Structures are given as C-alpha cells and as structure tokens.
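Undergrad: requesting a structural model of the entry that follows:
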Amino acid sequence: MKKINIILAALVILFTASCEGFLDVKPSNQVSSEISIQNATDAQIMLNGLMNKMTSTSYYGRNFPMYADAKGGDLTIFSAGNGGDGWYYFNHSPESNSYSGYWSTIYNCLCQANNIISNINGLLADPENTEKEELEEYKGQALTLRALMHFDLVRLYGKPYNMDKSALGIAVVTEPVDAGAQLTRNTVEEVYTQIVKDLLEAAPLIGKGTNDGFINYYGNQALLSKVYMYMDNFSEALKVAEGIITSGKFELYTPEKWVESWTKEYGSESIFELNIKAGENDPGDGGLGAYYRRRAHGISAGGVFLASKYWLDLMGPNDVRWGIMDYDQSDEEDGTGRKGANYKYSGSVDLKGDEGATSTAVNIKIFRLSEVYLNAAECAVRTSDNTKAVKYLSEIAKRNPDWVAPATVTVEDVMDERRRELMCEGVVYFEYMRQNMTIKYDDNAFENSTNPPHEGRGQLANGWVTRDFYKTILPISQAEINANPNIEKEQNPGY
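TA: Next comes the predicted model:
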C-alpha cells in the first residue's frame with residue numbers, strides 16, 4: 001500500500017516551513033517551538049513527510065539518479081535542448097547549470113531529519129516515556145536517512161574518499177542550528193566518519209522486519225556496506241553485505257520474474273524504496289520514467305536519454321533484461337531496430353506502472369538485493385576470495401542465459417554486470433569515479449540538425465578525478481556563495 005497521504009503531507013509542510021531557507025545553509029530551529037513531536041505517532045508522520053520530500057524531482061524523484069545515469073556513459077542524447085544536456089556534457093559553472101537544487105533540497109531534507117532526531121531525543125530523555133521502543137525505531141530510521149543524505153551530497157560535491165579524503169566535501173550538519181549560522185565545508189574524510197557513526201548508532205535501534213515504505217535495518221546495512229566499499233574497506237563491506245544476503249529476508253528475482261518485478265511495489269529484492277503515489281507526489285511528465293522512455297509515449301514529452309552503443313553492445317542477445325527496453329525515437333518508423341528506451345520507471349514497455357498506478361507513479365528503488373550481490377562480488381575480488389566472487393556474480397549474471405562464469409572474476413567483470421543490471425538506477429557514474437575507471441561517451445550516436453557531433457570529449461581517462469577534469473564534481477552555486485561568504489574560499493578547484 002502507498003504510505004504517504006495528503007493529510008500527512010500537509011502536516012509536514014507546516015513542519016518544514018522554517019527549513020526552506022536552507023539554500024544558503026541557514027537552517028532554522030524554529031520548528032521546535034512551532035510544531036514539535038509529542039509522541040511516536042507524530043514521529044512516524046514526520047518521517048513520512050521526510051521521505052515524501054526525498055521524492056522531489058530535485059532529489060530521488062529525478063535529478064539525483066539522472067545525474068549518475070547521464071554522466072556514466074551508458075546513455076546518450078538524441079537531440080540537444082530537451083533537458084539534461086548540462087549533466088551529459090558536464091556543462092557546469094557556479095553561475096549556470098550548477099544544479100543548486102541538489103544542495104538546497106538535500107539540505108532541506110537534512111534540516112527535517114535533524115529536527116526529527118532532536119525532538120525524539122527530547123522525548124527519550126523523559127524517564128517516564130512509555131514509547132521508548134517506537135521512538136528509538138524512528139530515531140534509527142532518521143539517522144540512517146541522514147547518513148544517506150550526507151553520502152549523496154559528498155558524492156556530488158567532493159572527490160572520492162579513496163583518491164583524496166583530505167579534500168573538501170560538504171558541510172556536516174547533525175543538529176538544528178541557529179538561523180544566522182554560516183557553515184563551512186568539512187573534509188571528505190570527516191563526512192564519511194559522520195556517515196559511518198550515524199549508521200552504526202542507528203543499526204541496533206531499527207527493527208529487522210521488511211517494513212515496506214520505511215527504511216529498515218537491512219536498508220541501513222545496505223548503505224553501510226556501500227559506504228565501506230567507497231572507503232576501500234572491502235573486508236567490512238563484504239561482511240555487512242553477506243549479513244543481508246544470508247538473512248533470508250530478501251530473495252533475488254528469478255530470470256523469469258525479473259521483467260515483471262518492475263510492475264510491483266516492494267518486491268522480494270526491494271530493501272528500500274521511496275513511495276510515489278498518483279495524485280500526491282507523482283512527477284508526471286517530469287519524472288524518471290518520462291525522461292527514459294520513448295518520446296511522447298503516453299506523455300507530452302520524454303525521450304531525453306537513450307541507451308548508448310556501449311551499453312547496447314554490452315548486452316547479450318538473449319538477456320532477459322531486454323524485456324524492460326523498447327525501441328527509441330531514433331527508430332520510430334518501424335520499431336524493429338534500436339532498443340534504447342528504458343522502461344524501469346514506467347513499470348513496463350506497455351506502461352503498466354506499479355500496482356495499477358499511473359505509469360509515472362512508480363516507486364524509486366534505492367537499494368535492491370541485486371546491487372548488494374554485485375557489491376559483495378567486487379569486495380570478494382578485492383579480498384582475493386575468487387570462490388565467493390564467482391558465486392555472487394553468477395547469481396546476477398545468469399539473467400543472461402548465455403553467460404558463462406569466468407574461472408577468475410575481475411573488477412571489470414563486476415562493473416560490466418553492474419551496468420547491465422543497474423541501468424538507469426543512478427549508480428554507474430559514481431562507481432566509475434570510485435574505481436577511477438575510463439568512461440566512454442557516445443556523443444556522436446545521432447547526427448541530426450539539432451544535435452551536431454561534439455568533438456574532443458570521447459572519454460574520461462584514468463586519473464581524471466585528481467588531475468585534469470574538475471567538472472567531474474559540481475560547483476557550489478554563486479547564489480550559495482553570495483548568501484554564505486564563508487564558503488567563497490571553499491569553492492571546488494577549477495570553478
């Protein structure tokens with residue numbers, strides 16, 4: 001069942017009104033005096049609202065996953081000017097295409113998470129409170145979501161931890177702060193330290209039920225495993241990932257069920273997904289599904305991004321995952337050739353959506369068991385356990401019936417399988433950055449009057465993050481610098 005309703009969303013608007021100035025990193029603590037959490041029911045309502053806010057098109061509802069998809073080489077554009085060009089061509093500056101909505105929206109979410117945690121801490125300090133277990137559950141969820149927000153921000157604005165952890169990341173915010181605060185950026189290492197701290201503190205507070213529509217213990221662990229992997233702590237990352245795999249709480253889709261799974265909410269692989277409800281937070285023509293499906297297929301626009309030749313060539317002809325792809329606008333005459341349109345976030349190629357909702361009200365899957373298996377496979381490679389690497393990789397790769405397991409799994413094997421499995425799920429670019437791998441771009445896939453060939457880009461080569469391509473991370477917007485002069489000297493290098 002869809003979790004968020006209009007009444008709760010209205011209450012949350014009241015709760016978050018004082019946080020809307022967070023664009024200039026000036027969060028308010030006025031919420032404590034305006035509306036405070038009085039009991040566990042209030043805390044659940046506010047968590048509903050926080051996750052509703054996370055489905056904004058400026059965050060998980062579109063722009064955050066599209067950032068990693070558009071930049072990761074597995075997508076190209078058919079014609080310029082339809083939206084998203086700035087992501088694809090790395091056209092960023094502090095004054096334009098800074099995509100400052102990431103900063104403002106995610107920090108607004110952080111503001112709300114901190115107010116939830118602060119209010120719950122106040123209630124837990126009362127020795128006569130009879131709702132300790134429920135309140136601790138909601139505190140653990142809010143801590144986990146706070147960790148996720150810091151993780152997302154630092155990947156957008158900071159260099160990879162394993163390349164330069166002393167570089168500036170983002171401002172760590174863990175308390176409601178005074179409205180006049182002018183915060184400065186922490187190092188990447190400090191951000192990751194706080195992320196791990198929050199996740200470790202939260203884990204024992206959260207129940208181990210699947211808890212559809214809310215973050216659960218295994219969502220916390222999926223994030224922790226991924227964060228450890230981004231820190232090159234592969235042994236701990238593998239240990240945590242295997243705890244999820246062996247828990248028995250989740251089950252991989254069989255090859256026969258994989259395509260159908262996209263028409264379902266909270267399937268057997270779904271560890272954490274954000275709820276999208278028709279008539280409430282449905283993004284319509286502006287959502288993920290619209291940008292990835294064929295142009296004007298059930299909507300007025302769409303078709304911004306298409307699969308690149310590099311992704312198409314990666315797929316075996318009998319791979320079941322072709323079932324979520326359909327012909328794109330470059331093949332509109334007969335629809336028999338290029339299957340470059342992705343329909344994961346339309347539910348199916350015939351626009352089923354999920355659970356009978358509109359074809360654009362499809363839940364956003366943040367953590368799936370498939371990704372946990374792939375992360376475990378890589379960590380096994382990097383800790384020299386080839387037996388486990390083959391085992392975990394094979395469970396995902398067998399969705400291509402022609403796949404033959406290699407005698408020795410490499411990190412490149414795992415990366416290729418990530419690309420096949422997690423296409424259009426907001427993963428691949430961050431993985432390339434973390435692993436310092438070469439990205440190839442299909443800039444010249446289509447030569448037409450509105451999208452002439454772009455010369456001189458081609459690929460991002462090894463070493464690009466630390467050496468010669470500063471636009472691989474975003475600038476702090478000029479509006480943010482104007483509002484908070486303290487971070488002017490902290491602009492990312494090159495901008």
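Undergrad: when you work out contacts or count neighbours from here on, use the C-alpha atoms and nothing else.
TA: OK.
Undergrad: tell me where the model's unsure across the stretch 51-200 of the chain.
TA: 178-180 (pLDDT under 70).
Undergrad: so which bits of stretch 170-177 are buried?
TA: Neighbour-count burial for stretch 170-177, with 16 or more other C-alpha atoms under 10 Å as criterion, is recorded at 170-174, 176-177.
Undergrad: so can I have CSV of these showing secondary structure?
TA: Below are the buried residues of stretch 170-177 laid out as CSV (DSSP: H, G, I helix; E, B strand; the rest coil):
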residue, secondary structure
Ile170, coil
Ala171, coil
Val172, coil
Val173, coil
Thr174, coil
Pro176, coil
Val177, coil
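Undergrad: report the mean confidence score over stretch 378-395.
TA: In this model, stretch 378-395 has a mean pLDDT of 98.
Undergrad: CA atoms only: put that stretch into CSV for me.
TA: Below are the C-alpha coordinates for stretch 378-395, written out as CSV (Å, rounded to 0.1, in the frame of the first residue of the first chain):
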residue,chain,number,x,y,z
GLU,A,378,33.5,-6.9,-6.1
CYS,A,379,34.6,-6.9,-2.4
ALA,A,380,35.3,-10.7,-2.7
VAL,A,381,37.5,-9.9,-5.8
ARG,A,382,39.4,-7.2,-3.9
THR,A,383,39.9,-9.5,-0.8
SER,A,384,41.1,-12.4,-3.1
ASP,A,385,38.2,-14.7,-2.5
ASN,A,386,37.5,-15.8,-6.0
THR,A,387,35.1,-18.5,-5.0
LYS,A,388,32.8,-16.0,-3.4
ALA,A,389,33.2,-13.6,-6.3
VAL,A,390,32.1,-16.2,-8.8
LYS,A,391,29.2,-17.2,-6.6
TYR,A,392,27.8,-13.7,-6.1
LEU,A,393,28.4,-12.5,-9.6
SER,A,394,26.8,-15.6,-11.1
GLU,A,395,23.6,-15.1,-9.3
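Undergrad: looking at the buried residues of stretch 170-177, spot the one nearest Glu260.
TA: Proximity of the buried residues of stretch 170-177 to Glu260 was ranked by C-alpha to C-alpha; the top entry is Ile170 with 39.3 Å.
Undergrad: out of everything not next to it in sequence, what's closest to that closest one?
TA: Closest residue to Ile170 in three dimensions, ignoring its sequence neighbours and counting by C-alpha to C-alpha, 6 or more residues apart in numbering: Arg185, at 4.7 Å.
Undergrad: can I assume the one you found is in contact with Val172?
TA: Yes: when contacts are counted by C-alpha atoms under 8 Å, Arg185 is listed as touching Val172 (7.2 Å).
Undergrad: which neighbouring elements make contact with the host helix or strand of Met51?
TA: Here Met51 sits within helix 40-54, counting by DSSP states H and E. Here helix 40-54 is seen to pack against helix 6-16, helix 100-124, helix 132-157, strand 270-274 when contacts are counted using 3 or more C-alpha pairs under 8 Å, 6 or more residues apart in numbering; DSSP states H and E.
Undergrad: packing partners of the helix or strand following the longest one?
TA: Right, the one you point to is helix 132-157. Scanning forward in sequence from helix 132-157, with DSSP H and E defining helices and strands, the next element found is helix 161-164. Packed against helix 161-164, as judged by 3+ C-alpha pairs under 8 Å, 6+ apart, are the following elements: helix 188-202.
Undergrad: helix/strand/coil for the residue of the chain positioned farthest from its centre?
TA: Ranking residues of the chain by C-alpha distance from their mean position (C-alpha atoms, centre = their mean) puts Glu128 at the top, at 39.6 Å. Using three-state DSSP, the secondary structure recorded for Glu128 is coil.
Undergrad: hang on, the earlier thing: pipe the buried residues of stretch 170-177 into TSV and attach distance to Gly73 per row.
TA: Compiled in TSV, these are given as follows (distance: C-alpha to C-alpha, whole Å):
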residue	distance to Gly73
Ile170	26
Ala171	30
Val172	31
Val173	33
Thr174	35
Pro176	39
Val177	40
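Undergrad: tell me the one of these nearest Asn342?
TA: Taking these together and measuring to Asn342 by C-alpha to C-alpha, the closest member is Ile170, at 32.8 Å.
Undergrad: so the closest one sits right up against Leu153, yeah?
TA: Yes: the pair formed by Ile170 and Leu153 meets the contact definition of C-alpha under 8 Å, at 6.8 Å.
Undergrad: so who does Tyr88 touch?
TA: Residues in contact with Tyr88, defined by C-alpha atoms under 8 Å, 6 or more residues apart in numbering, are 70-71, 76.
Undergrad: what's the first helix or strand after the helix holding Met51?
TA: Heading C-terminal from helix 40-54, the first helix or strand you meet, by DSSP H and E, is helix 63-71.
Undergrad: tell me how far the following helix or strand past that next one lies from the chain's centre.
TA: Downstream of helix 63-71, the first helix or strand assigned by DSSP H and E is strand 75-77. For strand 75-77, the distance from its own C-alpha centre to the chain's C-alpha centre is 19 Å (C-alpha atoms, centre = their mean, to the nearest Å).
Undergrad: what lines up beside strand 75-77 in the sheet?
TA: Partners of strand 75-77 in the sheet, by DSSP bridges, are strand 305-307 (antiparallel).
Undergrad: distance from the partner strand to the middle of the chain?
TA: Its chain's C-alpha centre lies 19 Å from the corresponding centre of strand 305-307 when counted by C-alpha atoms, centre = their mean.
Undergrad: next SSE downstream of it?
TA: Taking DSSP H and E as the definition, the helix or strand that follows strand 305-307 towards the C-terminus is helix 309-314.
Undergrad: hmm, back to that, quick one, which of the helices and strands packed on helix 40-54 is nearest to Asn436?
TA: Once C-alpha to C-alpha is applied to the helices and strands packed on helix 40-54, the stretch that comes out nearest is helix 132-157, at 13.8 Å.
Undergrad: next, the buried residues of that closest one.
TA: 132, 134-157.
Undergrad: cool, stretch 310-327 as well?
TA: Within stretch 310-327, the residues that qualify as buried by neighbour count (16+ other C-alpha under 10 Å) are 310-312, 315-316, 319-327.
Undergrad: what about the residue nearest to Ile170, which SS state?
TA: Secondary structure, three-state DSSP: Arg185 is coil.
Undergrad: ok, it - contacts?
TA: Each residue near Arg185 by C-alpha under 8 Å, 6+ apart is listed here: 168-172, 487, 490.
Undergrad: return the distance of stretch 279-287 from the chain's centre.
TA: Between the centre of stretch 279-287 and the centre of its host chain there is 18 Å, according to C-alpha atoms, centre = their mean.
Undergrad: which residues does that stretch contact?
TA: Contacts with stretch 279-287, where a contact means C-alpha under 8 Å, 6+ apart, come from 5-6, 52, 55-57, 61-62, 276, 290, 299-302, 360-361.
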